[in-house]
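In: Give me coordinates for this.
(one chain, ligands or ions: 1)
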Amino acid sequence: MTTRTSWADLAANSAAENVGVGSSSASNGAVGTTSAAGRPVYVPPHLRNRPSSSDPPAPTSTGAASSNDRPGYGGSRWAAPRTDYYNRSGYSGGGGGGGGRPGGWGGRSGGWDRGRDREVNPFGNDDDTEQVFSEQENTGINFDAYEDIPVETSGDNVPPPVNTFAEIDLGEALNLNIRRCKYVKPTPVQRHAIPISLAGRDLMACAQTGSGKTAAFCFPIISGIMRGQVPQRPLRGARTVYPLALILSPTRELSMQIHEEAKKFSYQTGVKVVVAYGGAPINQQLRELERGVDILVATPGRLVDLLERARVSLQMIRYLALDEADRMLDMGFEPQIRKIVEQMDMPPPGVRQTMLFSATFPKEIQRLACDFLANYVFLAVGRVGSSTDLIVQRVEFVHESDKRSHLMDLLHAQRANGVQGKQALTLVFVETKKGADSLEHWLCMNGFPATTIHGDRSQQEREQALRSFKSGATPILVATDVAARGLDIPHVAHVVNFDLPNDIDDYVHRIGRTGRAGKTGLATAFFNDNNASLARPLADLMQEANQEVPAWLTRYAARSFGGRNRRPGGGRFGGRDFRRDSSFNRGNLDYYGGGNSAGGYAASGGYGGGSGYGPGVTSAWD
Ligand SMILES: Nc1ncnc2c1ncn2[C@@H]1O[C@H](COP(=O)(O)OP(=O)(O)OP(=O)(O)O)[C@@H](O)[C@H]1O
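Out: Predicted structure coming up:
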């Protein structure tokens with residue numbers, strides 16, 4: 001029954017070596033065993049009767065060099081919070097109710113090691129601390145490209161931005177991972193968003209595609225969990241888990257990607273990240289959850305399933321992040337998100353910290369989002385909903401019947417220009433799943449290896465398609481909008497909008513699959529009469545991004561009535577914090593904090609001259 005390298009042993013041993021150690025784990029009265037040092041230690045149910053691991057604990061990489069003497073940071077300074085966690089009944093057993101933490105706090109270096117479950121190094125085998133410190137910036141990244149981007153913040157007492165990661169108190173272990181990722185300096189959204197979130201503020205952040213939003217919400221969450229004190233976890237079903245942070249995203253692949261990123265950022269911090277998404281066997285995800293979870297990354301559907309099975313409780317959520325937040329709150333997802341955030345057991349706004357991120361944020365969605373926020377800061381890096389100048393945008397007039405041959409011409413030209421005849425990675429967006437399959441078939445028949453990703457394919461097929469695309473085995477990926485948002489696929493040189501979307505924001509996200517992290521990219525759109533309603537927003541967007549707008553498109557734009565893409569108030573895009581709109585400020589309203597579904601929220605003064613907002617929120621929304 002002894003697990004020589006169990007989290008409990010390690011925690012106890014580590015505790016003894018550290019300052020500020022609490023009482024031993026046996027004090028929680030839970031089932032225990034005896035550590036090598038003779039101290040009784042608790043072994044959670046899922047670790048009992050497991051063979052010992054012969055592996056030593058993960059080697060420390062921060063060591064005593066930590067310059068941060070807060071408990072919970074790096075190296076051997078982990079003891080205080082760890083002991084704190086595992087002494088709490090309901091957290092690590094005490095009747096078996098501890099879902100989140102058991103097993104989460106293992107290695108001396110802050111990693112986790114639960115018997116046979118040892119934290120895998122997400123950086124692969126080439127993680128060498130010396131190399132980490134000596135290597136240069138992520139190659140090919142030119143964040144200077146973002147330096148001139150205007151930044152707008154609004155809200156009460158907005159914490160100031162930083163210029164370097166060193167200025168931010170993220171903790172030694174996380175700082176080391178940032179260096180392992182070869183992030184030399186923060187991107188503009190990170191410079192602003194991280195200090196705001198670290199100060200405990202709710203945030204609605206809008207920044208261009210590929211500009212590093214994932215790290216902007218992950219770093220404060222990981223850092224907060226590392227240093228935070230955890231309130232007592234309730235005793236509930238033995239198999240219910242209590243994550244401390246929830247990150248929701250609209251697609252399975254994006255959730256997987258965020259999970260991969262978050263695992264890198266949290267390596268050896270002791271913070272455990274688990275992902276749950278549909279289409280994959282739930283039992284495997286349940287087993288993973290039972291091993292401990294601090295940060296749960298999930299798609300809404302699978303999360304609702306887990307909540308209804310009472311396998312996850314949101315009662316302990318301290319951080320809620322919605323990636324692609326405007327998508328999460330649009331008509332398709334809103335009911336599910338409301339159910340998760342408002343109708344289960346999640347703490348309300350003001351108690352939890354909420355972060356909403358996207359590259360696009362229409363004003364009507366900003367209004368909706370207020371239900372989820374308290375006294376939030378609005379941050380816009382660049383114009384809300386704008387595309388990055390790094391993407392060269394071309395629009396070509398192509399009749400429906402000519403699209404295939406036109407695509408073929410593009411691909412031939414691209415192949416001719418490619419390195420050693422290799423096809424550059426090209427992502428082709430189409431409207432329908434059927435259309436995707438048929439175009440893929442046709443491309444393959446014509447000597448262009450292609451694959452597809454769309455909602456009618458099994459999850460395994462989707463994942464295989466992405467792998468095959470990323471590796472270059474099938475350098476053309478034909479996709480529906482399922483691949484439009486968030487996916488960070490290196491080396492996508494060209495995005496083709498074979499069928500243009502109906503909504504300009506979807507266009508922004510689609511083309512954002514190229515031109516990421518300071519790199520340049522190319523986006524070509526096939527436009528014809530079917531896309532007339534997009535003419536105006538498209539022309540405006542291109543102009544704004546300093547792109548050449550064809551004269552014929554300008555003529556189309558002049559004729560178009562705008563439709564749903566035309567946003568009133570001068571700009572097509574929600575170019576800024578909607579709280580600054582005169583319609584919103586009308587009546588000297590006095591809004592208040594708290595997730596009141598009537599629209600109450602904390603926009604406590606300080607915006608565009610409004611001196612506080614009132615309960616007449618609904619009238620301001622009319
Ligand atoms: N500070 C940094 N230094 C270097 N690279 C970075 C930095 N921050 C993020 N990156 C890299 O930039 C790329 C884009 O980041 P990310 O996927 O978070 O963008 P995003 O803003 O969320 O994009 P999207 O709007 O498409 O979801 C990733 O490959 C990431 O590793």
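In: which parts of the helix or strand harbouring Arg555 are buried?
Out: In the assignment (DSSP states H and E), Arg555 maps to helix 551-559. Burial within helix 551-559, assessed by neighbour count using 16 or more other C-beta atoms under 10 Å, is assigned to 553, 556-557. No exception for glycine: its C-beta is placed from N, CA and C like everyone else's.
In: can you pull the contacts of Thr452?
Out: Residues near Thr452 by C-beta atoms under 8 Å, 6 or more residues apart in numbering: 436-437, 440, 465, 477-479.
In: can you narrow those residues to ones near the ligand?
Out: Among the contacts of Thr452, no residue lies close to the ligand (C-beta under 6 Å from any ligand atom).
In: buried ones in the helix or strand encompassing Glu461?
Out: Using DSSP H and E, Glu461 maps to helix 459-471. Buried residues in helix 459-471, defined by neighbour count with 16+ other C-beta under 10 Å: 462-463, 465-466, 468-470.
In: Which residues of the protein lie near the ligand?
Out: 138, 141, 183, 186-187, 190, 207, 209-215, 359, 486, 488, 512, 516-517.
In: Please flag which of the residues you listed sit within strands.
Out: Ala207 (DSSP state E).
In: Which ChimeraX command selects the buried ones in the residues of the chain next to the ligand?
Out: Selecting only the buried entries of the residues of the chain next to the ligand in ChimeraX, with 16+ other C-beta under 10 Å as the criterion:
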select :141,183,186,187,190,207,209,210,211,212,213,214,215,359,486,488,512,516,517
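In: Tell me where the stretch 201-350 of the chain has strands.
Out: Listed in chain order, the strands of the stretch 201-350 of the chain (DSSP state E, counting those that start in this stretch) span 203-207, 245-248, 273-276, 295-298, 319-323.
In: which helices and strands does the last one pack with?
Out: Taking 3 or more C-beta pairs under 8 Å, 6 or more residues apart in numbering; DSSP states H and E as contact, the helices and strands that strand 319-323 lies on are helix 213-227, strand 245-248, strand 353-358.
In: what angle do it and helix 213-227 make?
Out: Here strand 319-323 runs at an angle of 170 degrees relative to helix 213-227 (axes from the mean of the first three to the mean of the last three C-alpha atoms, to 10 degrees).
In: quick one, domains of this protein?
Out: 143-230+238-381, 391-560 (the TED database).
In: Just put those in TSV and tack on mean pLDDT.
Out: Below are those laid out as TSV (pLDDT from 0 to 100):
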stretch	mean pLDDT
domain 143-230+238-381	94
domain 391-560	94
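In: can you list the buried residues of helix 551-559 in TSV and add distance to Arg318?
Out: Shown next, in TSV, are the buried residues of helix 551-559 (distance: C-beta to C-beta, whole Å):
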residue	distance to Arg318
Leu553	48
Tyr556	49
Ala557	47
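In: hang on, the earlier thing: pull the residues that contact the helix holding Arg555.
Out: By C-beta under 8 Å, 6+ apart, helix 551-559 touches 395, 397, 527, 532, 535-536, 538-540, 542.
In: mind redoing it with 7 Å?
Out: Outside helix 551-559, the residues that touch it by C-beta atoms under 7 Å, 6 or more residues apart in numbering are 395, 397, 527, 532, 535-536, 538-539.
In: and these, which of them are in strands?
Out: Short answer: the contacts of helix 551-559 in strands (DSSP E) are 395, 397, 527.
In: quick one: the one residue in the stretch 251-400 of the chain that gets nearest to the ligand from Cys206, how far?
Out: Nearest residue of the stretch 251-400 of the chain to the ligand, counting by C-beta to the nearest ligand atom: Ala359, 4.3 Å away. Applying C-beta to C-beta, to the nearest Å, the value for Ala359 to Cys206 is 7 Å.
In: next one: Leu425
Out: From Leu425 over to Cys206 (counting by C-beta to C-beta), the distance is 27 Å.
In: Those two: which is more packed in?
Out: Of the pair Leu425 and Cys206, Cys206 is the one with more neighbours under other C-beta atoms under 10 Å, namely 30 against 22.
In: wait, isn't the more buried one in contact with Val384?
Out: Yes - the criterion here is C-beta atoms under 7 Å, and Cys206 meets it with Val384 at 4.5 Å.
In: anything in contact with each of these two?
Out: Phe361.
In: if we can go back for a sec, deepest-packed of the helices and strands packed on strand 319-323, please.
Out: strand 353-358 (a mean of 27; mean count of other C-beta atoms under 10 Å).
In: any chance you could map the strands in the stretch 351-500 of the chain?
Out: So, for the stretch 351-500 of the chain - with DSSP E, counting those that start in this stretch - the strands run 353-358, 377-381, 391-397, 425-429, 450-453, 476-479, 492-497.
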